[in-house]
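Visitor: sequence and predicted model, in that order:
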Amino acid sequence: MFLPISKNEMKERGWDTADFIYVIGDAYVDHSSFGPAIISRTLEAHGYKVAIISQPDYKNSASITALGKPRLGFLVSAGNMDSMVNHYTVNKKRRHEDAYTPGGKAGRRPDNATICYSQMIRKEYGNDMPIIIGGIEASLRRLAHYDYWADKYKKSILLDSGADLLIYGMGELATVEVADALNSGIAIRDITYVAGTAYNAKNLDTVYDHIMLPSYDECLQDKTKYAESFRVQHMNTDSISGKTLVEQYGAHRFVIQNPPMRPLTTMELDDVYALPYENKWHSSYDKLGGVPAFGDMKFSLTVNRGCFGGCSFCAITFHQGRVLQARSKESILKEAKWMIEQPDFKGYIYDVGGPTADFDHPACEKQKKYGVCPNKQCLYPEVCPNMKVDHKAYVQILRELRNLPGVKKVFIRSGIRFDYVLADKDDTFLRELIKYHISGQLRVAPEHVTDHVLDLMGKPRSEVYHRFCQRFEKINKECKKDQYLVPYLISSHPGSDLNDAIALAEAIRDMGYMPEQVQDFYPTPSTVSTVMYYTGLDPRTMKKVRSAHDMHEKAMQRALLQYKKPENYELVKEALLKANRKDLIGFGEKCLIPPRKMNPENRGKINQEKRGKKKPEKQGKIKQNKVKYKKNL
């Protein structure tokens, strides 16, 4: 049974009022891939009545009153995606579709949805109504941050939204603790002690053992201060070693971030995925064509959360944390067996993974006692000698899944860390991945080829990727498979200039691969790379980093990665001239970035073929072939 989304559905359950009303920017999909569904069902399991207002009319604040006044308060989330990423491309152009809206229709949610919905609630219910914000949009904006779309340094979303409390991270434990406190009669302003939350206050009377960050005003005036502040934030994302952080606004306003909530145990994570989800979108969306984002999620398995990969451009460190949390094999198989029983299951499990598919245990034993290393990465610049590299448990899960009756194929689409695979001396996982779990191609993420850019990305050096390619090719041949790698690549990441983009284009040429889509670096809030982009400094080292801010330069770098597309010829040519690489413009506009080791005496022939010219001695044969073809017809 779905959670109620209308007064009538509340009455069917015998409710006069809900304990919590959850306002979300997405359509209501009752599935464990959607954060609001997890939080709502978790609260329900603890005895709370939760109703959903999905995508209220943001132009009419009265739409927030559709379900009446909740007993304990409002929960607010922009949804599974940041609303600004959902709305705009990296070029700040409006997207025409919204995969999290019924029928994929754009325009059903506002920009900065968390702020908008919170202000609507304040307008209708006043200052006494508890408002608790969460989800990825709030989580990544919990302290002052750079906003790419406004091109401004912004205050904590707590202040701009007018909310009382912010729950960051995945949120199950913190949400229940806050709900229990409210239910026991504690005022929202007095709930200042819950791990994984942030709140604002006029003084620091109840705060102890904290780190004072540079103030908002200091960071606004000096970008170096923000880089220093973010470095401290980045070092305090662990529940064991993390400290309380305080950020001052003016003379008498403070935002206090409590240390992160502890990770879930395997049993707790199993319990989350065993909650009574309907595993589909709300039936009211059927006539609108459903919710496109749900897509393959119904027949995909999430087996972990968190990631110790530490990529600079990824927000997972700041949101989910670096401590890996994994479900048990029994929980995963139980969900898979449920999938098989569904009438629309065709035999294919589309994914078995998470942020990184092949991480299924914490990076090392030390993390369990001391937390993650604040000044070190697990995989960069090299695999840490303390890391436990082992795919055995994951391999066993995959074996049992593909042997279930009714399963034809089990895919892995979440992506793997190729450096982690290389660190495993046992090739069993890679061999079985190639043999059973990909179909023609494997997506991997080298991201770039120049080592100084890779260093800034927190990614392994280029030679590591080449070694993985060699091992992949070797096992492919041994398994008698004709499969290949599809690399994810990022253009205009901080540190990358036109020469780096050209080197990447040449690497693409040598791979014999032309990407259909290219990811231009997108400065989303609270990533190391975004701080580099805004401040011009790497917050980890405080060394200067040059970034492409000009949209035209970004377009040139992006075009170089798809240099064969006719619409990119002019941009590519301009980039090559600007970088003084005239040696790559030798074949005319339609032959930029020519093949490596080209024999100069063949250039004329290639130009003729490109222009559709044939050698005289071949023209007769071509005509003869045409005549034969007509006779055969």
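Guide: Happy to help now that I have it. Residues are numbered from 1 along each chain as shown.

Visitor: strands along the stretch 201-350 of the chain, start to end?
Guide: 210-212, 244-249, 253-257, 280-281, 300-302, 304-305, 325-326, 348-349 (DSSP state E, counting those that start in this stretch).

Visitor: want to try JSON lines for these, with distance to Glu447 and mean neighbour count as columns?
Guide: (C-beta placed from N, C-alpha, C; glycine too.) Putting those into JSON lines (distance: least, CB to CB, whole Å; neighbours: other CB atoms under 10 Å) gives the following:
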{"stretch": "strand 210-212", "distance to Glu447": "32", "mean neighbour count": "15"}
{"stretch": "strand 244-249", "distance to Glu447": "30", "mean neighbour count": "19"}
{"stretch": "strand 253-257", "distance to Glu447": "30", "mean neighbour count": "21"}
{"stretch": "strand 280-281", "distance to Glu447": "34", "mean neighbour count": "20"}
{"stretch": "strand 300-302", "distance to Glu447": "24", "mean neighbour count": "22"}
{"stretch": "strand 304-305", "distance to Glu447": "22", "mean neighbour count": "23"}
{"stretch": "strand 325-326", "distance to Glu447": "25", "mean neighbour count": "22"}
{"stretch": "strand 348-349", "distance to Glu447": "28", "mean neighbour count": "20"}
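
Visitor: helices and strands of the protein: which one bottoms out on pLDDT?
Guide: For the chain, counting by mean pLDDT, DSSP states H and E, helix 603-610 ranks last in confidence among helices and strands (a mean of 39).

Visitor: returning to what we had before: would TSV of the strands of the stretch 201-350 of the chain with mean pLDDT be doable?
Guide: Formatted as TSV, these follow (pLDDT from 0 to 100):
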stretch	mean pLDDT
strand 210-212	97
strand 244-249	98
strand 253-257	98
strand 280-281	96
strand 300-302	97
strand 304-305	96
strand 325-326	96
strand 348-349	97
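
Visitor: and these: which comes nearest Arg122?
Guide: Closest to Arg122 of those is strand 253-257 (CB to CB; 17.3 Å).

Visitor: wait, Ile412 touches Ser439, no?
Guide: No. Contact criterion CB atoms under 8 Å: Ile412 and Ser439 do not qualify, at 10.5 Å.

Visitor: so which of these two has more stuff around it?
Guide: Between Ile412 and Ser439, counted using other CB atoms under 10 Å, Ile412 has the larger neighbour count: 21 against 10.

Visitor: doesn't the more buried one fall inside a strand?
Guide: No. According to DSSP: H, G, I helix; E, B strand; the rest coil, Ile412 belongs to no strand; its state is coil.

Visitor: how close does it get to Val303?
Guide: Taking CB to CB, to the nearest Å as the measure, Ile412 falls 10 Å from Val303.

Visitor: shared neighbours, those two?
Guide: Val352, Gly353, Ala357 (CB atoms under 8 Å, 6 or more residues apart in numbering).

Visitor: need the pLDDT of Cys479.
Guide: pLDDT recorded at Cys479 is 94.

Visitor: find the residue closest to it in space, skipping its chain neighbours.
Guide: Setting aside the residues directly before and after it, Cys479 is nearest to Lys435 in space (CB to CB, 6 or more residues apart in numbering), at 5.1 Å.

Visitor: is the one you found in a helix, a strand, or coil?
Guide: helix.

Visitor: could you give the number of residues near it?
Guide: 15.

Visitor: and Gln470, by the same measure?
Guide: By other CB under 10 Å, neighbour count at Gln470 equals 10.

Visitor: helix or strand for it, which one?
Guide: Secondary structure from DSSP states H and E places Gln470 in helix 462-478.

Visitor: list the buried residues of the very next helix or strand once past that helix.
Guide: Counting by DSSP H and E, the next helix or strand C-terminal to helix 462-478 is strand 484-491. For strand 484-491, the buried set under the neighbour-count rule, 16 or more other CB atoms under 10 Å, comprises Tyr484, Leu485, Pro487, Leu489, Ile490, Ser491.

Visitor: please identify which of these is nearest to Ile397.
Guide: Among these, and counting by CB to CB, the member closest to Ile397 is Leu485, at 23.6 Å.

Visitor: any idea what that closest one is bridged to?
Guide: Leu442 (DSSP bridges).

Visitor: residues contacting it?
Guide: Gln441, Leu442, Arg443, Val444, Cys469, Phe472.

Visitor: and the residues you listed, which of them are buried?
Guide: Counted by 16+ other CB under 10 Å, those give Leu442, Val444, Cys469, Phe472 as buried.

Visitor: coming back round to it: CSV for the strands of the stretch 201-350 of the chain, including distance to Tyr148?
Guide: Output for the strands of the stretch 201-350 of the chain, formatted as CSV (distance: least, CB to CB, whole Å):
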stretch, distance to Tyr148
strand 210-212, 27
strand 244-249, 20
strand 253-257, 21
strand 280-281, 31
strand 300-302, 28
strand 304-305, 26
strand 325-326, 30
strand 348-349, 36
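
Visitor: quick one: which of those strands is nearest Phe294?
Guide: Phe294 lies closest to strand 280-281 among these, at 5.7 Å (CB to CB).

Visitor: note down every partner strand of the closest one and its orientation.
Guide: Partners of strand 280-281, by DSSP bridges, with direction: strand 29-30 (antiparallel).

Visitor: okay, strands next: where are they in the stretch 1-150 of the chain?
Guide: Under DSSP E, counting those that start in this stretch, the stretch 1-150 of the chain gives strands at 20-24, 29-30, 50-54, 73-77, 131-134, 145-147.

Visitor: show me the contacts for the closest residue to Pro460 other than its chain neighbours.
Guide: Nearest residue to Pro460 in three dimensions, chain neighbours excluded: Asp419, at 4.3 Å (CB to CB, 6+ apart). The contact partners of Asp419, taken as CB under 8 Å, 6+ apart, are Leu379, Val383, Pro460, Val464, Phe468.

Visitor: show me where the stretch 501-633 of the chain has helices.
Guide: Taking DSSP state H, counting those that start in this stretch as the criterion, the stretch 501-633 of the chain carries its helices at 528-535, 551-560, 569-578, 603-610, 616-632.

Visitor: ok, now the stretch 101-250 of the chain?
Guide: So, for the stretch 101-250 of the chain - with DSSP H, counting those that start in this stretch - the helices run 113-125, 135-139, 157-161, 172-183, 216-221, 223-234.

Visitor: pick the most deeply packed of those helices.
Guide: helix 135-139 (a mean of 28; mean count of other CB atoms under 10 Å).

Visitor: pLDDT on it, on average?
Guide: Helix 135-139 shows a mean pLDDT of 97.

Visitor: quick one: Lys481 from Gly310, how far?
Guide: 32 Å.

Visitor: more crowded one of these two?
Guide: Remark: of Lys481 and Gly310, Gly310 carries more neighbours, 21 against 13, as counted by other CB under 10 Å.

Visitor: low-scoring stretches of the protein, by residue?
Guide: 586-591, 596-633 (pLDDT under 70).

Visitor: and with 50 instead?
Guide: 588-589, 598-633 (pLDDT under 50).

Visitor: surely Ser6 is in contact with Leu67?
Guide: Yes. Between Ser6 and Leu67 there is a contact under CB under 8 Å: 7.4 Å.

Visitor: so for these two, which sits in the more crowded spot?
Guide: Leu67 (21 against 14).

Visitor: excluding its backbone neighbours, what's nearest the more buried one?
Guide: For Leu67, the spatially nearest residue (CB to CB, 6+ apart) is Ala51, at 5.0 Å.

Visitor: do Lys425 as well
Guide: That would be Val389: by CB to CB, 6+ apart, it lies 8.0 Å from Lys425.

Visitor: residues contacting the one you found?
Guide: So Val389 contacts Val383, Tyr420, Ala423, Asp424, Lys425 (CB under 8 Å, 6+ apart).

Visitor: look up how far Pro130 lies from it.
Guide: From Val389 across to Pro130, the span is 46 Å (CB to CB).

Visitor: same question, Ala315
Guide: Using CB to CB, one obtains 27 Å as the distance from Ala315 to Pro130.
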